[in-house]
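Participant: have a look at this fold, sequence not included:
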């Protein structure tokens with residue numbers, strides 16, 4: 001590849017990191033509260049709101065069942081409303097965040113449900129309030145599973161960001177389509193694939209290391 005193409009590859013990599021990084025942060029900040037509510041509002045939980053819990057679960061399931069490419073197109077009006085455009089890096093953050101949040105919320109919910117109910121009962125017995133139980137019992141005990149689930153979410157978002165390149169979202173997917181597929185340049189395609197694999201491996205390695213560290217404490 002030429003020096004110019006290497007520069008474009010580097011810029012595409014930075015665009016992908018920006019897309020995935022911002023979207024992952026939004027999914028983390030929105031997904032954990034959703035997961036906590038789904039667990040606490042379930043039958044027998046600390047919050048008695050079964051109807052609201054079922055309604056929220058149905059909405060989450062609906063978004064999870066929608067393929068990302070369909071969601072990407074369906075959210076174009078919302079994307080334009082929020083960002084003022086439907087193309088580019090920041091336009092891709094909207095569908096990526098909305099797609100990843102329900103996915104991560106369900107994974108975090110599973111980790112929270114695996115927390116020993118005896119710990120929660122013990123906290124209640126000594127007079128801990130609901131917030132203290134969430135902050136000092138539920139989240140710390142479920143943290144390794146949540147980090148592992150967040151790692152899986154980021155990996156899936158890297159793949160989704162590449163898919164978003166098909167509609168002009170920028171990043172590595174856009175480069176692979178414009179400079180690789182449309183120009184029949186297999187070198188560019190191979191370079192993009194190598195970078196994507198390296199990104200996934202780096203994220204997975206960091207996530208696994210974090211989980212091992214938390215479980216060893």
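Facilitator: Cool, got the structure. In this text the structure is predicted, and so the values were computed from the model without any measurement. Residues are numbered from 1 along each chain as shown.

Participant: CA only for contacts and neighbour counts going forward, please
Facilitator: Fine.

Participant: elements contacting the helix or strand of the chain with the lowest mean pLDDT?
Facilitator: The weakest-scoring helix or strand in the chain, judged by mean pLDDT, DSSP states H and E, is helix 117-125 (a mean of 78). Contacting helix 117-125 under the criterion 3 or more Cα pairs under 8 Å, 6 or more residues apart in numbering; DSSP states H and E are the following elements: helix 130-133.

Participant: and the angle from the helix or strand just after the helix it packs on to helix 117-125?
Facilitator: Towards the C-terminus, the helix or strand next in line after helix 130-133, according to DSSP states H and E, is helix 139-164. Between the axis of helix 139-164 and that of helix 117-125 there is an angle of 120 degrees, by axes from the mean of the first three to the mean of the last three Cα atoms, to 10 degrees.

Participant: and whichever helix or strand comes after helix 139-164, how far out from the chain's middle?
Facilitator: In the C-terminal direction, the helix or strand that comes right after helix 139-164 (DSSP H and E) is helix 171-175. The offset between the C-alpha centroid of helix 171-175 and the centroid of the whole chain comes to 19 Å, using Cα atoms, centre = their mean, to the nearest Å.

Participant: residue 40: neighbour count?
Facilitator: One way to gauge burial is a neighbour count; for residue 40, by other Cα atoms under 10 Å, it gives 21.

Participant: now do the same contact list for it.
Facilitator: Remark: with contacts taken as Cα atoms under 8 Å, 6 or more residues apart in numbering, residue 40 is in contact with 46-48.
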